[in-house]
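J.: the amino acid sequence is not available; the structure is as follows:
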């Protein structure tokens with residue numbers, strides 16, 4: 001029996017050790033599970049595709065914007081993807097929609113607004129999105145000259161204003177001094193600009209002044225700045241049956257003046273798009289009218305002191321100066337994406353509307369702030385004092401409350417219409433057509449494109 005008792009005591013010790021060992025291992029396993037639970041999110045963030053047309057530094061700024069939003073909350077992840085220029089980006093989105101692989105957000109340039117608006121079944125209007133998702137949203141927070149371009153007839157915002165610019169005047173202060181012109185006094189009117197450009201030419205400049213984006217500056221913004229209609233039906237906002245009115249006496253007078261100045265290179269046409277900008281940067285032309293969004297690029301690449309001014313106007317034309325209109329693009333939301341994505345899109349748009357976010361985007365890119373709060377914040381930070389000329393664009397689009405003529409343009413196929421207008425402007429500048437005949441032809445060609453769009457529109 002003694003042996004049995006001894007064996008029993010050994011068994012009890014072994015059992016105790018086993019219990020302690022098992023408990024220790026259990027605690028280790030629980031610790032591992034706890035660590036894994038803390039390390040892993042409860043659920044993965046919802047990815048939201050954003051297709052865009054921004055390359056280079058602008059693309060990097062957009063990537064940073066998305067990364068900052070993603071880091072600000074754990075639920076959604078904006079995934080930007082560059083798809084080429086504006087036309088290529090929109091085309092890619094259209095094809096993707098047909099195969100049900102479209103992104104939730106696509107960046108579309110301003111002149112394609114009518115085309116997007118007509119695609120009612122494909123778009124999710126921003127005002128509806130923000131209301132449906134319960135995100136705070138007030139149209140009054142946005143600049144009327146910006147938001148008005150992207151509203152419907154009832155004043156509802158259809159797409160989110162993102163990158164907006166407007167034409168401003170740049171001039172070479174060094175060339176002004178050498179020509180005996182006041183380097184602190186940019187020309188305010190077209191007669192003043194013509195006289196200054198002639199003085200520059202007389203002093204040896206290759207050209208007095210040049211401009212980029214011919215239709216945008218000399219037809220679209222010229223009309224808005226002089227409070228002239230570009231087309232009937234409130235520039236197309238009131239209906240698809242609009243017709244162009246750009247062969248009016250005021251615009252004919254302006255194009256005739258440019259054509260006359262072209263003969264002596266007081267004005268020198270440099271081509272479409274941004275092809276004129278390098279000529280100013282290299283010091284060939286003393287005055288340049290181009291996008292406000294190129295200010296930083298011009299400053300970085302010009303080896304002279306730059307002056308800035310508002311767009312010029314003809315003083316004998318009643319209603320000028322009114323306000324300029326914008327270029328650039330907005331963010332459109334496409335339908336038939338999972339419901340959860342739309343909550344994230346609305347959250348992203350609320351984030352983009354914050355004054356601090358808007359101010360940083362404005363300051364880093366040169367695009368306009370889309371809210372007055374962002375402008376005021378930028379001013380209070382001293383940005384405009386440190387960067388002369390950076391407030392000109394804001395001052396110009398807010399010069400006066402937008403009218404029916406200066407709210408924007410809502411014409412179908414306007415990318416093609418703009419091409420037709422520039423064809424005809426080139427004929428006038430080359431001396432092949434009078435200003436009247438060139439603009440008459442632009443109206444005829446443009447109206448044909450409008451009727452084609454009208455017939456193809458589902459609203460018809």
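T.: Right, received. Where do you want to start? What you see is a predicted model, and the numbers here were worked out from it, not measured in a lab. Numbers count the residues shown, from 1 in each chain.
J.: who touches residue 452 in this structure?
T.: Neighbouring residues of residue 452 by Cβ atoms under 8 Å, 6 or more residues apart in numbering: residue 413. C-beta coordinates here come from the backbone N, C-alpha and C atoms, glycine included.
J.: whoops, I mixed them up, residue 103
T.: Going by Cβ under 8 Å, 6+ apart, residue 103 touches 49, 50, 51, 81, 93, 96, 334.
J.: ok, the residues you listed vs residue 442, which is closest?
T.: Among those, residue 93 lies closest to residue 442 (Cβ to Cβ), at 29.4 Å.
J.: show me where the stretch 251-400 of the chain has strands.
T.: 285-291, 306-309, 327-333 (DSSP state E, counting those that start in this stretch).
J.: could I get those strands as a markdown table with distance to residue 352, mean pLDDT and mean neighbour count?
T.: Below are the strands of the stretch 251-400 of the chain laid out as a markdown table (distance: least, Cβ to Cβ, whole Å; pLDDT from 0 to 100; neighbours: other Cβ atoms under 10 Å):
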| stretch | distance to residue 352 | mean pLDDT | mean neighbour count |
| --- | --- | --- | --- |
| strand 285-291 | 21 | 97 | 26 |
| strand 306-309 | 27 | 96 | 19 |
| strand 327-333 | 8 | 96 | 25 |
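J.: closest one to residue 102 among the ones you listed?
T.: Comparing these against residue 102 with Cβ to Cβ, the closest turns out to be strand 327-333 (10.4 Å).
J.: picking that back up, out of the contacts of residue 103, which two sit at the greatest distance?
T.: Pairwise over these, using Cβ to Cβ, the maximum falls at 81 and 334, 13.8 Å.
J.: more neighbours: these two, which one.
T.: Between residue 81 and residue 334, counted using other Cβ atoms under 10 Å, the more crowded position is residue 334 (22 against 11).
J.: how about the secondary structure of the nearest residue to the more buried one once chain neighbours are set aside?
T.: Distance criterion Cβ to Cβ, 6 or more residues apart in numbering; nearest residue to residue 334, sequence neighbours excluded, is residue 102 at 4.9 Å. With DSSP: H, G, I helix; E, B strand; the rest coil as the basis, residue 102 sits in coil.
J.: and for residue 102, the neighbour number?
T.: For residue 102, using other Cβ under 10 Å, the count is 21.
J.: so what's it up against?
T.: If you count contacts by Cβ under 8 Å, 6+ apart, residue 102 has them with 93, 96, 334, 336, 337.
J.: among these, which ones are buried?
T.: 93, 96, 334, 337 (16 or more other Cβ atoms under 10 Å).
J.: burial count for residue 448?
T.: Residue 448: 14 neighbours (other Cβ under 10 Å).
J.: meant to ask about residue 386
T.: Neighbour count for residue 386, taken as other Cβ under 10 Å: 9.
J.: go on, the one 3 residues further on?
T.: The burial metric for residue 389, expressed as a neighbour count using other Cβ under 10 Å, is 20.
J.: just to revisit the earlier point, can I get the contacts of residue 102 in CSV with distance to residue 295 and pLDDT?
T.: Listed next are the contacts of residue 102 as CSV, based on distance: Cβ to Cβ, whole Å; pLDDT from 0 to 100:
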residue, distance to residue 295, pLDDT
93, 30, 93
96, 34, 94
334, 32, 97
336, 39, 95
337, 36, 96
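J.: circling back: next, give phi and psi for the residue nearest to residue 334.
T.: Note on residue 102: its backbone torsions stand at phi -70, psi 160 [degrees, to the nearest 10].
J.: distance of it from residue 281?
T.: 39 Å (Cβ to Cβ, to the nearest Å).
J.: what's the helix or strand for the residue nearest the centre of the chain?
T.: Centroid-nearest residue in the chain, with Cα atoms, centre = their mean: residue 163, separated by 2.3 Å. Following DSSP states H and E, one finds residue 163 within strand 160-165.
J.: so how far is that strand off the chain centroid?
T.: 3 Å (Cα atoms, centre = their mean, to the nearest Å).
J.: ok, that strand: who's next to it in the sheet?
T.: Using DSSP bridges, strand 160-165 pairs in its sheet with strand 327-333 (antiparallel).
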